[in-house]
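coords please:
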Amino acid sequence: MTAAQPAPDFPDGLEWINVPRPLTIADLRGRLVILDFWTYG
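Reported below is the predicted structural model:
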């Protein structure tokens, strides 16, 4: 078993929807976050 590592920051240049500015991991600390990954296929 390996030690837990902190989540990396989001890469620059991502397209953000419904937020006034790009978010950082620090902005999300202590919050429940649901990620929805989808593609056209």
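
list the contacts of stretch 11-29.
The contact list for stretch 11-29, computed with C-beta atoms under 8 Å, 6 or more residues apart in numbering, reads 6, 7, 8, 9, 10. C-beta here means a position set from N, CA and C on the backbone, and glycine is covered the same way.

contact partners for residue 8?
Residues near residue 8 by C-beta under 8 Å, 6+ apart: residue 25.

what's the spacing between the residue nearest the centre of the chain and residue 20?
Closest to where the C-alpha atoms of the chain average out (C-alpha atoms, centre = their mean) is residue 10, at 5.8 Å. To residue 20, residue 10 is 15 Å away according to C-beta to C-beta, to the nearest Å.

returning to that earlier point: residue contacts, the residue nearest to the centre of the chain?
Per C-beta under 8 Å, 6+ apart, neighbours of residue 10: 22, 23, 24, 25.

distance check, the third one against residue 2.
Right, the one you point to is residue 24. Distance from residue 24 to residue 2, counting by C-beta to C-beta: 25 Å.

ok, now the last one?
Between residue 25 and residue 2 the distance is 20 Å, computed by C-beta to C-beta.

assign residue 10 to helix, strand or coil.
Assigned by DSSP: H, G, I helix; E, B strand; the rest coil, the conformation of residue 10 is coil.

from residue 25, how far off is it?
In terms of C-beta to C-beta, residue 10 sits 7 Å off from residue 25.

same check, this time on residue 13
For residue 13 relative to residue 25 (C-beta to C-beta), the value is 16 Å.

give me the more crowded residue out of the two.
Per other C-beta atoms under 10 Å, whichever of residue 13 and residue 25 has more neighbours is residue 25, with 12 against 6.
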